[in-house]
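**Q** 3D model of this:
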Amino acid sequence: MGNGVSKKKIGVLFISHESKVQRLTFDRGTTARDLQEQLAIAVGLNRLSNIVLKTKGDVVVAISPTMLNNTSSDPYIVEQSGYNVGANDVIASTVKEIGKQFRQAFMVEETKRDIYSKVTSIENRVEKDGKRLVEMEKYKLDLVELRDSIYNKQTNTLDYNRLRPSVTLPEHFYCPSTSREALLSQQRDIPAYNKYVLTSETKESLKTPQFDVWQWEPNEMLALLEEMYHELGLVEELDIHPSTLKRFLLRVQENYRNNPFHNFRHCFCVSQMMYVLIHGCRLMDSLSKRDLCVLLTACICHDLDHPGFNNTYQINARTELAVRYNDMSPLENHHCAVSFKILSSPECNIFANLSEEEFKEIRGDMIILILATDMARHAEILDNFKQKLDNFDYSSEDHLNTLKMILIKACDISNECRPIMVSEGWVECLMEEYFHQSDKEKRDALPVAPFMDRDRVTKPTAQIGFIKYVLLPLFEALNKLYPEIEEIALEHLRQALTHYEKKKDLEERKKRFLSDPEADLETIEAH
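**A** Residues are numbered from 1 along each chain as shown. Modelled structure (predicted):
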């Protein structure tokens, strides 16, 4: 019996590592891999280390259970050459990878939620940024549109009268009994002190057709209108309280829309031309101060709340106004209604100190005059006036009413009676308003008047016809009663006619040149 291990089966090796010699015994029945691990552990290395045995002569010795024993004087040198990528390493890495996959599998839902949250956050931010960019572009376009809408090319100035936005859309026109009352109740009160002091030069210029209306802002125009009432003695004659007059004019201004043409500046132009005729033709010698007040007030109110679309559109589109007034001068009837809506407020009623009978007469006169501004009645009113010219009777109420109708009509269409530098800007404004209407009529399949069609009319042709067949006959008839009209209006009208005839001739020459390249360009430019 022994210790269970035969000496023949025991191997002895002397190994050296880092100059230290050790003695290692091993079972020759073991495997080469186990022996390799035993050698690695013996020298203090990881059992999975990949080692090699070498002799002093640097000869590699194969690690094997059958290798020969050596002596302490000739030990094998143990060197590490890295981890052994053997089965254990593969198993370890596989287990590690499996663990990783398990962790990832358990984290999938959490990862999905995290990714979804981040993506949603990014989408929201992109959407907000996109909306912000869109809004910025819209604001830019609005600013450009606003700048263009109030910029006047002729005078190189901004027309602040157009800054007040319309309360109602032109496409749908409300009557005073509906939403328009909201504006009438928005009463901006007058200042407690005089903001504007007019010079004597301004007051005198105000009486001439050369007065440049483009140089004055809306609040300044209010002061100029107020001056007209005071200078003509209407405030004293009709016992108008100065504060009431200010509030009346302010309320009128608020009820003009920001149309290209039919706006508060147009209202002022018509009123200022009436003021010119009153002084230039000495109307105060043949008309009472009450008549003068009716003329001036009717001019101020004659286009109140104009939507920028004429009577023809109202009737063809069957708007609420056309239905309300049975297609009979719907706009002019509406202007009257808004006028007396304003006057119905005690703080704005400039006729409050007159008797009820006097107010009734003034109301009737104002209605007659404002309704006379309907151009559909132009020929009728002018013919009626011409019939009375030879034996005009200032004591006849019928004759006086006809005269006052002619006067307000003349003032309403008097822009060409001003210098070209003043009048031409109004032509641009009117054509812009006309084109806006005709474009809408085309979209809505409504009839389009040729003089409003941007594809068929030009500024020179439109003005030549208007001056020849409307303005000159009207002012020539008025000139027979008041010779001063020659200097006030007719001279400017003939100059305007010549101006537009030259423009028309130049346009025709340019067209001929474009169609015929052999045309004389120098001759065209000379004109």
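**Q** The lowest-mean-pLDDT helix or strand in the chain: what's the following helix or strand?
**A** The weakest-scoring helix or strand in the chain, judged by mean pLDDT, DSSP states H and E, is helix 180-184 (a mean of 47). Later in the chain than helix 180-184, the nearest helix or strand by DSSP states H and E is helix 200-205.
**Q** How about that following helix, which residues are buried there?
**A** Residues of helix 200-205 classed as buried under the neighbour-count rule (16 or more other CB atoms under 10 Å) are T202. C-betas here are computed from N, CA, C, even on glycine.
**Q** Who are the packing partners of the very next helix or strand once past it?
**A** Next helix or strand after helix 200-205 toward the C-terminus (DSSP H and E): helix 218-231. Other elements packing on helix 218-231 under the criterion 3 or more CB pairs under 8 Å, 6 or more residues apart in numbering; DSSP states H and E are helix 200-205, helix 242-254, helix 264-280, helix 289-301.
**Q** Which residues outside helix 218-231 are in contact with it?
**A** 160-161, 195-196, 198, 202-203, 206, 213, 216, 235, 240, 245-246, 249-250, 253, 264-265, 268, 271-272, 275, 293, 296, 300 (CB atoms under 8 Å, 6 or more residues apart in numbering).
**Q** F340 reaches I362, doesn't it?
**A** No - counting by CB atoms under 8 Å, F340 sits too far from I362 to count as a contact (10.4 Å).
**Q** Now for the residue lying closest to H17 once chain neighbours are set aside: which residues touch it?
**A** Leaving aside its sequence neighbours, H17 sits nearest to V43 (CB to CB, 6 or more residues apart in numbering; 3.7 Å). The neighbours of V43, taking CB under 8 Å, 6+ apart as the test, are I15, H17, E18, K20, Q22, I51, V78.
**Q** Next: V270.
**A** By CB under 8 Å, 6+ apart, the neighbours of V270 are C299, H302, D303, I408, C411, D412, S414.
**Q** again, but for M452
**A** Y434, F435, Q437, S438.
**Q** Out of those, which comes closest to E347?
**A** Q437 (35.7 Å; CB to CB).
**Q** how far away is the closest one from M328?
**A** Per CB to CB, to the nearest Å, Q437 is found 20 Å from M328.
**Q** Just want to know which of these two has more residues nearby.
**A** Legend: neighbour count by other CB atoms under 10 Å for Q437 and M328, higher for Q437 (20 against 13).
**Q** State whether that one and P307 are indeed in contact, as I suppose.
**A** No - between Q437 and P307 there is no contact under CB under 8 Å: 9.8 Å.
**Q** hang on, the earlier thing: can you say which of the helices and strands packed on helix 218-231 is nearest to Q101?
**A** Using CB to CB, the helices and strands packed on helix 218-231 put helix 242-254 closest to Q101, at 77.4 Å.
**Q** roughly how far apart are V59 and L53?
**A** On the measure of CB to CB, V59 and L53 end up 9 Å apart.
**Q** quick one: which of these two has more around it?
**A** Counting neighbours by other CB under 10 Å for V59 and for L53 shows that L53 has the greater number, 22 against 8.
**Q** what sits against that one?
**A** L53 neighbours (CB under 8 Å, 6+ apart): I15, L39, V60, V61, A62, I63, Y76, I77, V78.
**Q** Out of the residues you listed, the closest to H279 would be?
**A** Looking across the contacts of L53 and measuring by CB to CB, the closest to H279 is V78, at 128.8 Å.
**Q** give me phi/psi at that closest one?
**A** Torsion angles at V78 (phi, psi; degrees, to the nearest 10) stand at phi -100, psi 120.
**Q** Strands along this structure, start to end?
**A** In the chain, the strands defined using DSSP state E lie at 10-17, 20-27, 49-54, 60-61, 76-83, 151-152, 157-158.
**Q** Include mean pLDDT when you put these into a markdown table, please.
**A** Shown next, in a markdown table, are these (pLDDT from 0 to 100):
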| stretch | mean pLDDT |
| --- | --- |
| strand 10-17 | 86 |
| strand 20-27 | 86 |
| strand 49-54 | 82 |
| strand 60-61 | 82 |
| strand 76-83 | 75 |
| strand 151-152 | 62 |
| strand 157-158 | 60 |
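**Q** who wins for proximity to E397 among those?
**A** strand 151-152 (42.4 Å).
**Q** Next, count neighbours for L354.
**A** Around L354 there are 17 residues (other CB under 10 Å).
**Q** actually S81, sorry about that
**A** 9.
**Q** before we move on, what about L371?
**A** 18.
**Q** Surely it and M328 touch.
**A** No - look at L371 against M328 with CB under 8 Å: they stay out of range, at 9.1 Å.
**Q** From T31, how far off is C301?
**A** Counting by CB to CB - C301 and T31 are separated by 119 Å.
**Q** Now tabulate the helices and strands packed on helix 218-231 in CSV and tack on mean pLDDT and distance to R494.
**A** Below are the helices and strands packed on helix 218-231 laid out as CSV (pLDDT from 0 to 100; distance: least, CB to CB, whole Å):
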stretch, mean pLDDT, distance to R494
helix 200-205, 95, 23
helix 242-254, 95, 34
helix 264-280, 98, 17
helix 289-301, 98, 25
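**Q** Could you check which of C301 and T31 has the larger neighbour count?
**A** Shown here are C301 and T31; by other CB under 10 Å, C301 has more neighbours (25 against 10).
**Q** which residues touch the residue lying closest to the more buried one once chain neighbours are set aside?
**A** Once flanking residues are discounted, C301 sits nearest to S339: 3.9 Å by CB to CB, 6+ apart. By CB under 8 Å, 6+ apart, S339 lies in contact with C301, L304, M366, I370.
**Q** Distance to S286 added to those, as TSV?
**A** Output for those, formatted as TSV (distance: CB to CB, whole Å):
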residue	distance to S286
C301	23
L304	28
M366	20
I370	22
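**Q** farthest-separated two in those residues?
**A** L304 and M366 (11.4 Å).
**Q** quick one: low-confidence parts of the stretch 351-500 of the chain?
**A** Applying pLDDT under 70 to the stretch 351-500 of the chain flags no residue at all.
**Q** Verify the stated contact: E332 with I370.
**A** Yes - contact criterion CB under 8 Å: E332 and I370 qualify, at 5.6 Å.
**Q** Looking at those two, which has the bigger crowd around it?
**A** I370 (27 against 24).
**Q** hang on, isn't that one packed against H302?
**A** Yes - I370 lies in contact with H302 (CB under 8 Å); the separation is 5.1 Å.
**Q** show me the residues around L277 that make contact.
**A** With CB under 8 Å, 6+ apart, L277 has these contacts: L283, L407, A410, C411, Y482, I488.
**Q** which residues does the closest residue in space to H266 that isn't next to it in sequence contact?
**A** Distances taken as CB to CB, 6+ apart place D303 nearest to H266, at 6.5 Å, with adjacent residues excluded. Contact analysis of D303 by CB under 8 Å, 6+ apart lists Y256, H262, H266, C267, V270, H335, T373.
**Q** Where does pLDDT dip in the stretch 51-200 of the chain?
**A** 82-93, 95, 102-109, 138-140, 142, 144-195.
**Q** Just give the number of residues close to the nearest residue to T66 once chain neighbours are set aside.
**A** Once flanking residues are discounted, T66 sits nearest to R28: 6.6 Å by CB to CB, 6+ apart. The tally of other residues near R28 (other CB under 10 Å) stands at 14.
**Q** ok, R28 touching S64?
**A** No - between R28 and S64 there is no contact under CB under 8 Å: 9.4 Å.
**Q** sorry, back to before: would you mind putting the strands of the chain into a markdown table with distance to F451 alongside?
**A** Formatted as a markdown table, those follow (distance: least, CB to CB, whole Å):
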| stretch | distance to F451 |
| --- | --- |
| strand 10-17 | 114 |
| strand 20-27 | 119 |
| strand 49-54 | 104 |
| strand 60-61 | 113 |
| strand 76-83 | 100 |
| strand 151-152 | 23 |
| strand 157-158 | 28 |
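**Q** Out of those, which gets nearest to P450?
**A** strand 151-152 (27.4 Å).
**Q** residue contacts, the residue lying closest to L13 once chain neighbours are set aside?
**A** Using CB to CB, 6+ apart and skipping residues adjacent in sequence, the residue nearest L13 is L24, 4.8 Å away. Going by CB under 8 Å, 6+ apart, L24 touches V12, L13, F14, I15, Q38, L39, A42.
**Q** Good, we can wrap up now.
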